[in-house]
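Visitor: Sharing a model that was predicted from the sequence below.
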Amino acid sequence: MRVGIDVGGTNTDAVLVAGRRAEEVRVVAAVKTPTTSDVTAGVVTAIGALLRDAPAGFHPDEITAVMIGTTHFTNAVVQARDLTPTAVIRLGLPATAALPPLTGWPDRLRTAVGDRVHLCRGGYEYDGSELSSLEPAELRRIAGGLAAAGVRSVAVSSVFAPVNGAMEQEAAEILRAEVPGLRVSCSHEFGRIGLLERENATVLNAALVDLADRLADALTAALAEAGITAPLLLSQNDGTLMDIEHCRRFPAATFASGPTNSMRGAGFLSGVADCAVIDVGGTTTDVGILAGGFPREAPAITDIAGIRTNWRMPDVLSLGIGGGSRVRHFSDGERTTVGPDSVGYRIDTNALVFGGDTLTLTDVAVAAGLARVGTTTALVRRFDDTRARAVLAEVNERIADAVDRMRVSPEPLPVVLVGGGSVVLPDVLPGLPDVRRPAHADVANAIGAAIAKVGGELDRVVRVSDDTRAAVLAEARAEAIARAESAGARPGSVEIVEIDEVPLAYLPGGATRVRVKAVGDLDLDRVPVGVPRA
Amino acid sequence: MREIGFSDVDDIARGAGILGTGGGGDPYLGKLLAEAAITRHGPVTVVTIEEVPPDAVVVPVAMLGAPTVSQEKLPNGTETLTALRALEDATGVAATHVVPIEIGGMNSLIPLALAAETGLPVVDGDAMGRAFPEAQMVLPTLAGIPTSPMAVADDKGNTMVLRTASNLWAERIARAACVATGCSVFTADTMMTGAQLPDGLVAGTITLAQRLGAAVRTARAAHTDPADAVAALVEGVRLATGKVVDVHRATTGGFARGTATIAGTGTELRLSFQNEYLLAERDGDPVATTPDLICVLETDTGEPVTTETMRYGNRVTVLGIPTDPRWTTPAGLRLVGPRYFGYDLDYRPLAQPQEN
């Protein structure tokens, strides 16, 4: 059995699922507990509650893996706290000097990471030839300065690292040889073409490594305390997993894993791999598209706390509508408004149907006879249901419009509703006749964590001609599969879920950007069991 | 004469994105470069064509290469100045002004960065009035003003000065040199006297870009229609407002070509694009053709939608904007008309707005 946990802003949800293969998976126990400021304490509470909710006779030894999705690292960046002082070393001279690392960063975050940037020789051209040669003496000199300043984490970027990461690796080795114990994050491990954006993601990662160590140690210890000896894995933003040791090196890979888990969970619970997912929370509604069981990725640039990155992120459209959204001007002559502010997690006490004094969207849904939650007080009963239905119809229109914006073809598209606030939506939305509301929809995110797979990805510029296209693509697919296997996927279970070929303007020789993504089932026999490091 | 400071760059970049007609490269990098130079060296002086003395020496500077490469191999920062100095050495004449070669996309902002660095004023205008993909597609070609001598500088310190037999040869040889040095070079060429500027430039386009960018920003803040604000400034014709219902891309002859279909109220508009939007047909009937500007904006935000980011589901407004009249002469159309881009039809002046 596996445990899936999603640490959200409001709730920490946990599920216990049985079944080793995806088609056999079923939910055995599910709990919702409040998220605490100390993430680990919240996880401990959730696991405790889950074990109590488990069928009689269940023993923690039966747990084969624990998968956790957390917003911990995103929050650290947004709040600019717990960040490790980081130096950025870019290999790119004589090019790139016009826009040094950290260009465009908000001052607060630039200061929080220490504002240390170094430009060095090195890097590649688009075709993989050297832009300039690496100069080890230059790197050793910088390393000396880092050691003297007590800097323990470094981000290394190089021009066209996605085409060839060798120079970054060489630089990392030189730096580590000079400064024992130095943590090095290399940009080629973060994919995408686009130097500033990829470098930014690498710097964020480098600034999170200490926090990752602390979280990994604390979670590992917490599991041991709960009597769980199973491996611990974390959800990444693309819906795949990394083991806890990997997370110490790549904490930034957890960004936006929440929406991803929720969408993957929705796909699993409904049995529909291609659908739109509407996740209605207390304050917002996230709309995303699941294709082949994985969220469609955002097109290019994503913004994290004001920093541009080209990180792989799920393409999510957020609306300021949730179960706790405040509803104003319901009974007076003015136009009724819904949200964007919300009573949030206080809905259980503040909404009228829960004995509170705030009119929320949930109350309107109850008044309209759509939802049956809480107590239908005299006040709610007196509401004009025609008006209530009109307000809900407008909310439905806005959500349906969001789905319509996100869809990629006019083909009929099933819609899956998840999230605690989804009671405010009806079973039919305008233009979307096929709406599904699976069981356990309120803990879809924790289920998404529990069923996550292992992936491998590749993004590079290659030369493609009519003669070589098939061979080039075959090679790219094989490499993505090999990367998934080396990340812990069971050999033989890996399949290509996404392949994208974009011919590049103005480049000669059929230069084409190829992106391939492969995923496979987690090979539990090959996952190292986390050991607390004191 | 006026000054452009740090806070003006954002509007210019947004406006240049609109005038890029879907191509011209992402103005974001140009914006960062211009902002960095203005921060370091102070604001830029902009002069109108009328304010430029007849004996002034005006040099367009630009980036030439592949937008994808420029996102990865950022400039060194000295390339534009190196190219300018190489051109001055070759001609024995010192530049007194710089000017954008094109107002669409990233190249609108490169001269601002150089102007901040050198203290040279920028002439308010450009040599296309939009974005085009090739170096010979400039008004100076029509006016008989040579691109040559053309100075090209890369990030590594390589500099070359080309003396070419025609403006088309300048494009071909510079493009080959660009590829050889890694697909991102900077150029200084098409040296003009102040007296030649009325023939060689579209006047006032930096200011136009800034006003367009500001109009979109203001409309967004006021929750009014950004496309209307744009159209009002440029005699724009609203060709469609609707949803992109089909995007098709194919590679033929080394060029990425494509079409996009926008479903509006009762009609469909089909856009054909290469690097830029080149043709708009409503229910099979051409309603806008290159060299008129076909600009695609996100309906809600007024942000330009490039040919590379165009995708199914986008809510867009398509505007047709009349081009500079010199482009619609027979010689102009030979250079940048539909047939040059491989479409089997003649230029049609912009259709008048539909009655609603």
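Guide: Sure, I can see it.

Visitor: Show me what B:Thr289 is bridged to.
Guide: Beta-bridge pairing of B:Thr289, defined through DSSP bridges, involves B:Leu279.

Visitor: didn't it look like it was pressed against B:Ser272?
Guide: No: B:Thr289 lies out of contact with B:Ser272 (Cβ atoms under 8 Å); the separation is 9.6 Å. In this view, the C-beta of every residue, glycine as well, is placed from N, C-alpha and C.

Visitor: hey, what's in contact with both of these two?
Guide: B:278-280, B:343 (Cβ atoms under 8 Å, 6 or more residues apart in numbering or on different chains).

Visitor: before we move on, the earlier item: more neighbours: B:Thr289 and B:Ser272, which one.
Guide: Neighbours were counted for B:Thr289 and for B:Ser272 using other Cβ atoms under 10 Å in any protein chain shown; B:Thr289 has more, 26 against 22.

Visitor: residue contacts, the more buried one?
Guide: B:278-280, B:337-338, B:343, B:345-348 are the contacts of B:Thr289 under Cβ under 8 Å, 6+ apart.

Visitor: quick one, domains of chain B?
Guide: For chain B, automatic domain parsing gives the domain ranges B:2-203, B:225-336.

Visitor: Likewise for chain A?
Guide: The record's domain parsing of chain A by automatic domain parsing lists A:1-82+A:208-255, A:84-207, A:272-443, A:453-526.

Visitor: looking at these, which is closest to chain B?
Guide: Chain B lies closest, by Cβ to the nearest Cβ, to one member of the domains of chain A: domain A:84-207, at 3.1 Å.

Visitor: Return the residues of the stretch 101-250 of chain B in contact with chain A.
Guide: Counting by Cβ under 8 Å from any Cβ of the partner chain, the stretch 101-250 of chain B comes close to chain A at B:133, B:155-157, B:179, B:182-184, B:243, B:245.

Visitor: Which among those count as buried?
Guide: B:133, B:155, B:179, B:182-184, B:243 (16 or more other Cβ atoms under 10 Å in any protein chain shown).

Visitor: one step back: between the contacts of B:Thr289, which is closest to chain A?
Guide: Closest approach to chain A among the contacts of B:Thr289 (Cβ to the nearest Cβ): B:Leu278, at 13.9 Å.

Visitor: thinking that closest one is in contact with B:Ile294, fair?
Guide: Yes: shown here, B:Leu278 and B:Ile294 form a contact pair, counting by Cβ under 8 Å, at 7.1 Å.

Visitor: re earlier: want to throw the residues of the stretch 101-250 of chain B next to chain A into JSON lines with distance to A:Ala14?
Guide: Listed next are these as JSON lines, based on distance: Cβ to Cβ, whole Å:
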{"residue": "B:Pro133", "distance to A:Ala14": "56"}
{"residue": "B:Asp155", "distance to A:Ala14": "53"}
{"residue": "B:Lys156", "distance to A:Ala14": "56"}
{"residue": "B:Gly157", "distance to A:Ala14": "60"}
{"residue": "B:Val179", "distance to A:Ala14": "56"}
{"residue": "B:Gly182", "distance to A:Ala14": "52"}
{"residue": "B:Cys183", "distance to A:Ala14": "51"}
{"residue": "B:Ser184", "distance to A:Ala14": "51"}
{"residue": "B:Lys243", "distance to A:Ala14": "41"}
{"residue": "B:Val245", "distance to A:Ala14": "43"}
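
Visitor: on that earlier part again, highest mean neighbour count out of the domains of chain B?
Guide: Stretch with highest mean neighbour count among the domains of chain B: domain B:2-203 (a mean of 22; mean count of other Cβ atoms under 10 Å in any protein chain shown).

Visitor: where does the chain dip in pLDDT?
Guide: Picked chain A for this. Counting by pLDDT under 70, chain A shows low-confidence ranges at A:20-23, A:299-300, A:333, A:378-379, A:408, A:502-509, A:525-534.

Visitor: oops, chain B please
Guide: Across chain B, the ranges flagged by pLDDT under 70 are B:250-256, B:352-356.

Visitor: repeat that with 80
Guide: By pLDDT under 80, the weakly predicted segments of chain B are B:249-257, B:265-266, B:308-309, B:311-314, B:351-356.

Visitor: From the centroid of it, which residue is nearest?
Guide: In chain B, the centroid-proximal residue (Cα atoms, centre = their mean) is B:Gly104; its distance is 2.3 Å.

Visitor: List the buried residues for the longest helix anywhere in chain A?
Guide: Secondary structure of chain A read by DSSP state H shows that its longest helix is helix A:385-406. Residues of helix A:385-406 classed as buried: A:388-389, A:391-392, A:395-396, A:399-404, A:406 (neighbour count, 16+ other Cβ under 10 Å).

Visitor: Please enumerate the strands of the stretch 201-350 of chain B.
Guide: Applying DSSP state E, counting those that start in this stretch to the stretch 201-350 of chain B gives strands spanning B:202-203, B:237-252, B:255-263, B:268-273, B:277-282, B:285-289, B:293-298, B:315-321.

Visitor: Okay, now the sheet partners of the last one, with direction.
Guide: Taking DSSP bridges as the criterion, strand B:315-321 forms sheet pairs with strand B:237-252 (antiparallel), strand B:293-298 (antiparallel).

Visitor: How far off centre is it?
Guide: Relative to its chain's centre, strand B:315-321 lies at 17 Å (Cα atoms, centre = their mean, to the nearest Å).

Visitor: residues in contact with it?
Guide: By Cβ under 8 Å, 6+ apart, the surrounding residues in contact with strand B:315-321 are A:405, B:227, B:230-231, B:234-244, B:262, B:269, B:271, B:280, B:287-288, B:292-300, B:305, B:350-351.

Visitor: neighbouring contacts of stretch B:42-55?
Guide: Here stretch B:42-55 has contacts from B:1-6, B:38, B:58, B:97, B:112, B:115-116, B:121-125, B:193-195, B:197-198, B:201, B:203-204, B:206-207, using Cβ under 8 Å, 6+ apart.

Visitor: Next, check those residues against the helices and list the overlap.
Guide: Judged by DSSP H, these include B:6, B:38, B:112, B:115-116, B:197-198, B:206-207 as members of helices.

Visitor: which one of the residues you listed is nearest chain A?
Guide: Ranked by distance to chain A (Cβ to the nearest Cβ), the ones in helices among the contacts of stretch B:42-55 are led by B:Ala116 at 12.2 Å.

Visitor: and that closest one, what does it touch?
Guide: Taking Cβ under 8 Å, 6+ apart, one finds B:34, B:37-38, B:40-44 in contact with B:Ala116.

Visitor: In strands, which of those appear?
Guide: Members of these lying in strands (criterion: DSSP state E): B:Val44.

Visitor: any chance of the contacts of B:Ala116 in JSON lines, with distance to A:Val163 too?
Guide: Putting the contacts of B:Ala116 into JSON lines (distance: Cβ to Cβ, whole Å) gives the following:
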{"residue": "B:Ala34", "distance to A:Val163": "29"}
{"residue": "B:Ala37", "distance to A:Val163": "29"}
{"residue": "B:Ile38", "distance to A:Val163": "33"}
{"residue": "B:Arg40", "distance to A:Val163": "31"}
{"residue": "B:His41", "distance to A:Val163": "34"}
{"residue": "B:Gly42", "distance to A:Val163": "38"}
{"residue": "B:Pro43", "distance to A:Val163": "39"}
{"residue": "B:Val44", "distance to A:Val163": "36"}
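
Visitor: so which of the contacts of B:Ala116 would you say is closest to chain A?
Guide: Using Cβ to the nearest Cβ, the contacts of B:Ala116 come closest to chain A at B:Ala37, 8.5 Å.

Visitor: From A:Ala41, how far off is that closest one?
Guide: Separation of B:Ala37 from A:Ala41 (Cβ to Cβ, to the nearest Å) stands at 51 Å.
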